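Chemist: Got a sequence here, can you build the structure:
(2 chains)
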Amino acid sequence: MSVRESGQEAGILRQAFASRSFLTGFVITAVIAAMALMSYLWTPFDVTVLIIADRMQTPSAVHWFGTDHFGRDILSMIMVGARNSIAVALVAVGIGMGIGIPLGCWAAARGGVADEVLMRFNDLVFAFPALLSAVMITAVFGPGAINAIIAIGIFNVPVFARVARAGALALWPREYILAARASGKGKALITIEHILPNIASMLLVQGTIQFALGILAEASLSYLGLGAQPPMPSWGRMLFDAQTRMMVAPYLAIFPGMAIVITVLGLNLLGDGLRDILDPKLRRER
Amino acid sequence: MTAFLLKRLLIGLATLVVASLVVFTVMEILPGDAAMLMLGMNASPAALDALREQMGLNQPVIMRYLNWMAGLAVGDFGRSFTYSSPVIDLIAERAVVSLPLALMALVMSTAIAIPVGLFAAARRGKTADAVAMGAAQIGVAVPNFWFALLLVYVFAVWLRWVPAGGFPGWSAGLWPGLKALILPSVALALPQAAILARVTRSAMLEVLGEDYIRTARAKGMPRRIVLWRHALRNAMIPVLTILGLQFAFLLAGTIIIENVFYLPGLGRLVFQAITQRDLIVVEGVVILLVASVIVVNLLVDLAYALVDPRLRIRA
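Modeler: As a prediction, the model looks like this:
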């Protein structure tokens, strides 16, 4: 049995439909996710087949977004690229949550030295500009989607540790936690039963934000040639390929870039909307 | 206050030492050592051994780490294998591109973001607020390298106002140098400005709800003065924190932006050094960047005290 502090369950759904940013963000995210899922079953054209005769076509009724220098359909590549972006960012958030949340909760429950060590570890990771370290990590272990995930995931760890710790620290002095302790429950059990449910919404909001940042980071890494390797299409790589052909074919750069912006925008709106709904205290500021 | 700053300084130093260990270890994991890279795959074992001996690569790991650290302390970053020149010279040569670039971006993003955030907060809920925050929402979502590509297309390819890339060097004069840095710094600044504008707005809204703001207004102080003098100053703490963090982003951002514009800066140096396995260069640049992030964060702590006298008294 757990005590929930924020929001009435019944009201949440109603609020969700009333929040414009949540609705917009949800629809955009759903469309992008659907596009990525659909690419497993069907894409307008096969992205693994190179048809040189069809290369560098401008957008048309057949190829909505045009074709690249190998004659591949840009729309199809964006669809397949979406699943790469989503997979990398999603797993990176998973790594951050899986390691960061237990660490943060542990530090809050233990306090003292444990807490200090965790905070100094956070300082250490934050001292490394994330992109720089991601470049280093992928350089050491070789470029590829898996190593991009690890590189981005590492930087999510202190973020979630910090949020979980801050949330948990605020809860520990509460009366119902004291009551639980008085009844003889251990700190681990209290954390699982009472702390986690109450910081879950905070973590969910942060997760959405990190997801969006992960999409951007993956795009940066694959633009530098350190993400998913060809022939697997990725949005960053498509932009890299487009760069040298900007003069003749600017559309090559427009559509993959738009895909990144729309996805990140959708996730950020979703995060903002979730925060409004789940955390009434913050709502007055907006 | 002194105790607080001293504590931060010690933490900063400790962080730097641990960071140097991390960097050194990561570089140790990399396959192939410098001698092998210099002589190539077909080098004879004897020649390899001789070169290793000469370069000190045969020493135990701990000795090599300590030698490297001792060198760093006196500004000796070692010698690059690919450029065959001292790393410190390479860094100095490249820093004159990256530093102005990061600074221009920082100034630009602050100059845009603070007025926009202030303006949006002052007109909270009105159309102007919605437009400004909508723009910021989009700005946050734009990858800086894509924005850079669009800027190149519009201003270099289409309008031909500025060069599409490359750097003429400061010896060519101040203006040609600055001109080459305009698009890169705009590309770096925009996403940062969007984040900063959002933070400024919410910090301002928080402060505007305070009693002393109402008092100032009630005693007849003009709205403009209340906003700029009373509210902005109190809203500066979160804004400064983000500014400090953004410096790290800007430094890292140079890796990607310098690659877009073919600028011979630190970011491009470290990226090329990684691909060429020129480890000593990577180590030097990374540790320098980490050190500058730590120093900037210390300066931010110091700035808190300057902005907020309450912190000075309390500590």
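Chemist: Which helix runs longest in chain A?
Modeler: Identified as the longest helix of chain A according to DSSP state H is helix A:74-110.
Chemist: mind listing the helices for the chain?
Modeler: Since you didn't name a chain, this refers to chain A. Listed in chain order, the helices of chain A (DSSP H) span A:9-18, A:20-41, A:74-110, A:112-127, A:130-141, A:145-171, A:175-182, A:187-190, A:196-223, A:235-243, A:251-278, A:280-283.
Chemist: Wait, chain B was what I had in mind.
Modeler: Under DSSP H, chain B gives helices at B:2-29, B:34-39, B:45-55, B:61-73, B:87-122, B:127-141, B:144-151, B:174-208, B:211-218, B:223-225, B:232-261, B:266-275, B:279-307, B:309-314.
Chemist: Please dump those helices into TSV; it should also carry distance to chain A and mean neighbour count for every row.
Modeler: No exception for glycine: its C-beta is placed from N, CA and C like everyone else's. Output for those, formatted as TSV (distance: least, Cβ to the nearest Cβ, whole Å; neighbours: other Cβ atoms under 10 Å in any protein chain shown):
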stretch	distance to chain A	mean neighbour count
helix B:2-29	5	15
helix B:34-39	14	17
helix B:45-55	21	13
helix B:61-73	16	14
helix B:87-122	10	20
helix B:127-141	4	17
helix B:144-151	4	23
helix B:174-208	5	21
helix B:211-218	15	13
helix B:223-225	20	10
helix B:232-261	3	22
helix B:266-275	4	24
helix B:279-307	5	20
helix B:309-314	19	11
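Chemist: can I get those helices in a markdown table with mean pLDDT?
Modeler: Converted to a markdown table, those look like this (pLDDT from 0 to 100):
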| stretch | mean pLDDT |
| --- | --- |
| helix B:2-29 | 84 |
| helix B:34-39 | 70 |
| helix B:45-55 | 77 |
| helix B:61-73 | 86 |
| helix B:87-122 | 92 |
| helix B:127-141 | 91 |
| helix B:144-151 | 93 |
| helix B:174-208 | 90 |
| helix B:211-218 | 87 |
| helix B:223-225 | 84 |
| helix B:232-261 | 85 |
| helix B:266-275 | 87 |
| helix B:279-307 | 85 |
| helix B:309-314 | 64 |
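Chemist: Dump these into JSON lines; add distance to residue A:127 as well.
Modeler: JSON lines is the format used below for the helices of chain B (distance: least, Cβ to Cβ, whole Å):
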{"stretch": "helix B:2-29", "distance to residue A:127": "5"}
{"stretch": "helix B:34-39", "distance to residue A:127": "26"}
{"stretch": "helix B:45-55", "distance to residue A:127": "29"}
{"stretch": "helix B:61-73", "distance to residue A:127": "16"}
{"stretch": "helix B:87-122", "distance to residue A:127": "16"}
{"stretch": "helix B:127-141", "distance to residue A:127": "23"}
{"stretch": "helix B:144-151", "distance to residue A:127": "21"}
{"stretch": "helix B:174-208", "distance to residue A:127": "19"}
{"stretch": "helix B:211-218", "distance to residue A:127": "36"}
{"stretch": "helix B:223-225", "distance to residue A:127": "39"}
{"stretch": "helix B:232-261", "distance to residue A:127": "8"}
{"stretch": "helix B:266-275", "distance to residue A:127": "16"}
{"stretch": "helix B:279-307", "distance to residue A:127": "5"}
{"stretch": "helix B:309-314", "distance to residue A:127": "23"}
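Chemist: Okay, now the unreliable bits of chain A?
Modeler: Counting by pLDDT under 70, the ranges of chain A that qualify are A:1-12, A:16, A:279-286.
Chemist: in it, which residue is closest to the centre?
Modeler: residue A:211 (0.9 Å; Cα atoms, centre = their mean).
Chemist: ok, residue B:187 - contacts?
Modeler: B:144-145, B:147-148, B:151, B:257, B:260 (Cβ atoms under 8 Å, 6 or more residues apart in numbering or on different chains).
Chemist: ok, back up a step: adding distance to residue A:55, write the helices of chain A out as TSV.
Modeler: Output for the helices of chain A, formatted as TSV (distance: least, Cβ to Cβ, whole Å):
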stretch	distance to residue A:55
helix A:9-18	46
helix A:20-41	22
helix A:74-110	12
helix A:112-127	44
helix A:130-141	30
helix A:145-171	26
helix A:175-182	65
helix A:187-190	60
helix A:196-223	22
helix A:235-243	12
helix A:251-278	11
helix A:280-283	51
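Chemist: looking at those, which is closest to residue B:117?
Modeler: Nearest to residue B:117, of all the helices of chain A, is helix A:251-278, at 16.3 Å by Cβ to Cβ.
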